[in-house]
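Dropping the sequence and predicted coords here.
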Amino acid sequence: MSLATQVLIGFVLGVAAGVFFGELIAPIGVVGDAFIGLLQMTVLPYVFVSLIYGLGRLSSGNAGILVRRAITLLGILWSVALSFIVIMPLAYPQVEAGSYFSTSLVEPSPKFDFINLFIPKNPFNSLATGTVPAVVVFALGIGAALIGIENKQQILDALDTISTSLSRVSKFIARLSPIGVFAITARAAGTLDVAELQSLEIYFATYLVFWFALAIWFLPMFATALLPLKYREIMGPARDALITAFATGSVFVVLPLLADHAKVLVRKCAPESERAPSAVDVLIPLAFAFPGPGEILILGFIVFAAWLSGVAISLAQWPGFLISGLFSKFGSSMVAIPFLLDQLRIPADLFQLYVVANVFTGRFGMVASGAFILMFGAVSACWLAGTLQVRKNRLIVVAGGTAAIVLVGVLGVRLFFADVARGDSGNDDFMSRELMMPSSLQVTVRESETIESNQDGSESALQRIRSRGTLRVGYRDQRLPFTFRNTSGQLVGYDIDLAHVLASDLGVQLELVPIKVSQTPQLLSSGAIDVVMSGAVVTPERAVEVEFTRAYLEETVAFVVRDHRRNEFMTRESLNKLDGIRLAVPSNLPQLREWVQPLLTDPQMELVDSPQEFVTGEGDAYDALLFSAEAGSAWTLLHPEFAVVVPQPTIHRVPVAFPVAPGDDRMRTFLNTWIDLKRTDNTLSRLSDYWILGKSNQPTAPRWCVIRDVLHWVD
């Protein structure tokens with residue numbers, strides 16, 4: 001039984017064990033981690049030694065030719081992979097979507113550290129931390145220096161011996177692959193959240209189309225157009241290494257196997273060349289250090305994340321995105337993906353979705369990376385030996401077949417998922433949300449006209465609450481996400497939830513009183529209401545008429561704009577280019593005009609009573625709405641044709657607090673203490689997660705498995 005067959009059996013048994021035992025099998029992952037550790041033990045030393053040995057054996061002329069031809073081939077493959085990324089958006093249905101507020105809107109874009117990634121300031125630290133690009137640069141430097149040294153044979157012989165030893169160790173450990181793959185797959189199958197995978201169906205389908213076009217068709221067929229070899233001669237013997245890479249989720253661990261197979265292919269194509277097989281020892285580690293087409297294909301997740309969150313990648317952004325994506329892939333995807341999400345202002349929370357998706361796509365990506373490394377090493381080495389045979393007819397077949405696969409795949413995915421209503425899901429979820437912390441006390445809604453005023457100015461609101469046994473909270477309707485009515489007609493929101501918690505903590509009933517902003521000072525001063533809980537922003541003008549508690553939240557000043565215009569408001573530089581734009585400003589926040597004035601050239605600003613005036617009938621009359629990012633995101637869920645933009649790098653925040661009657665120090669002191677307590681016990685953060693960030697408040701149920709849900713052998 002071949003190793004590939006054993007690995008496949010281990011993979012299938014691992015899936016079956018994961019489905020049967022579910023999360024109970026998670027501890028077996030220790031065996032898988034140990035197996036991966038053993039495989040990785042020899043690979044980085046192998047890359048380091050092979051590069052020095054392979055490059056040191058070459059003459060200066062051969063080394064220069066090899067580098068130039070390898071770079072040419074790499075450039076061709078990069079161009080193909082990047083063109084796939086540009087085409088990917090065509091597979092997604094054209095629908096609009098809003099999104100919950102994301103912290104990525106207000107965080108500065110991270111700077112990718114290319115210096116530490118590529119410059120081995122401390123080579124031993126680079127080796128210890130596994131910084132592959134820096135290790136490769138260091139090894140290339142030593143290998144290049146060896147080229148010009150005459151008495152180097154003893155060093156080369158020693159390096160050859162070490163390289164052979166490392167390869168033998170790797171092959172021995174590879175025999176344990178069936179056991180390691182079983183453990184890895186069992187843990188993944190037992191702990192994977194199937195519901196999260198369902199939300200990624202369209203991404204998986206799109207990815208598989210381009211993966212098939214690249215890994216199964218283009219790379220091996222392109223090699224057959226350049227080498228005197230058939231498809232099965234290239235891919236057949238490589239199946240052990242590629243299947244092991246798929247099962248383990250790492251091409252790193254099969255580099256020695258790929259190098260051995262590449263040398264076999266080179267000997268078939270250039271049997272009389274002595275330098276071509278040794279060139280493989282340079283080319284295989286180089287191919288691993290450089291991002292291959294399979295790794296570039298991972299950038300398709302950024303395209304999917306942009307579509308999912310309703311962020312349009314403009315024509316001007318594409319070149320920067322592709323270049324940044326290419327260079328960021330020299331490092332880890334776990335660093336590159338958050339970097340690119342932030343660069344395009346896509347919600348950073350989607351990185352968690354990438355982690356889930358990578359469980360599936362990452363394994364297929366390893367097959368593509370393995371096919372690239374094998375093909376790159378063999379073709380470049382044969383090119384160096386002068387045995388490359390470019391067959392134009394075969395190249396035409398490769399190009400035509402690739403185009404046909406992509407065209408049929410893109411159209412198929414688009415038609416199959418044509419009914420995906422991405423734009424409605426956020427709206428439905430938000431507007432159907434119920435209170436997270438409803439109290440068991442009686443709650444009534446009363447109009448302010450029916451409430452008698454309390455003219456006793458000496459009595460604190462806290463005393464009135466206790467004597468009447470009722471907390472009267474003033475609120476503004478449709479103040480998303482703080483106070484609004486859901487699809488069932490219930491009064492819900494961040495501040496309504498807080499009002500329930502406050503009444504419950506006081507042990508009194510709750511009365512909710514709808515008010516207007518202009519009524520606030522009079523109703524508080526007269527004692528008709530005890531406090532206002534409606535996402536009230538603290539301003540100097542308001543502080544003259546009422547007193548405010550300590551801030552329980554900070555909102556971020558932002559622009560709400562139509563999707564296609566979001567890039568115009570992204571930075572201070574882009575804002576300065578806008579001349580004479582019309583801004584809608586909420587009438588209750590006129591002071592925002594002072595903040596935005598220095599950023600714009602001759603802006604025309606008009607007050608509006610509600611954001612609804614902008615996002616509905618008056619949306620076309622203004623260029624943007626000056627609002628808060630947190631509240632604006634909630635409105636984009638209802639009107640997905642709009643997006644929230646926080647201009648960088650200046651971030652302006654405004655405090656949100658509860659207005660109370662002027663001079664009522666006792667009530668204000670009590671509420672300040674209560675806010676501190678709710679912040680300490682995480683009530684405020686939980687409500688922010690639920691109402692502003694859109695997270696679920698439902699506890700995570702155990703993963704379905706046979707042993708629990710079918711046989712009922714465990715609880």
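Cool, the structure landed.

from memory A461 sits against D665, does it?
No - using Cβ atoms under 8 Å, A461 is not in contact with D665, being 10.8 Å away. The C-beta positions use only the backbone N, C-alpha and C, and glycine is treated the same way.

Among those two, which residue is more densely surrounded?
A461 (23 against 11; other Cβ atoms under 10 Å).

Can you tell me how far that one is from P514?
19 Å (Cβ to Cβ, to the nearest Å).

got it, and E573?
For E573 relative to P514 (Cβ to Cβ), the value is 43 Å.

what do you get for K695?
In terms of Cβ to Cβ, K695 sits 28 Å off from P514.

So which of the two has more stuff around it?
P514 (16 against 13).

Okay, and the beta partners of that one?
Y475 (DSSP bridges).

what residues are up against it?
Taking Cβ atoms under 8 Å, 6 or more residues apart in numbering as the criterion, P514 is in contact with 445, 447-448, 474-477.

now swap in V608 and tell me
Contacts of V608 (Cβ under 8 Å, 6+ apart): 584-587, 614, 618, 625.

redo that, cut-off 7 Å
584-587, 614, 618 (Cβ atoms under 7 Å, 6 or more residues apart in numbering).

Buried among those? Make that a ChimeraX selection.
To isolate the buried subset of these in ChimeraX, counting by 16 or more other Cβ atoms under 10 Å, use the following:
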select :584,585,586,614
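
between the contacts of V608, which is nearest F372?
Nearest to F372 out of the contacts of V608 is F614 (Cβ to Cβ; 49.8 Å).

element containing that closest one?
Per DSSP states H and E, F614 falls inside helix 611-615.

Tell me the first helix or strand C-terminal of that helix.
By DSSP H and E, the next helix or strand past helix 611-615 is strand 624-628.

I'd like to know which elements the next helix or strand after that following strand is packed against.
Following strand 624-628 in sequence order, the next helix or strand is helix 629-638 (DSSP H and E). When contacts are defined as 3 or more Cβ pairs under 7 Å, 6 or more residues apart in numbering; DSSP states H and E, helix 629-638 sits against helix 422-431, strand 553-562, strand 642-645.

Tell me who's in contact with I651.
Contacts of I651 by Cβ under 7 Å, 6+ apart are 106, 556.

Secondary structure of it: a helix, I assume?
No - assigned with DSSP: H, G, I helix; E, B strand; the rest coil, I651 falls outside any helix and is coil.

Give me the neighbour count for the nearest residue to L58 once chain neighbours are set aside.
Spatial nearest neighbour of L58, chain neighbours left out: I147 (6.3 Å); criterion: Cβ to Cβ, 6 or more residues apart in numbering. A total of 17 residues lie near I147 under the criterion other Cβ under 10 Å.

Redo the helices and strands packed on helix 629-638 as TSV? Include distance to R57, mean neighbour count and mean pLDDT.
TSV is the format used below for those (distance: least, Cβ to Cβ, whole Å; neighbours: other Cβ atoms under 10 Å; pLDDT from 0 to 100):
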stretch	distance to R57	mean neighbour count	mean pLDDT
helix 422-431	55	17	63
strand 553-562	59	22	90
strand 642-645	56	26	86
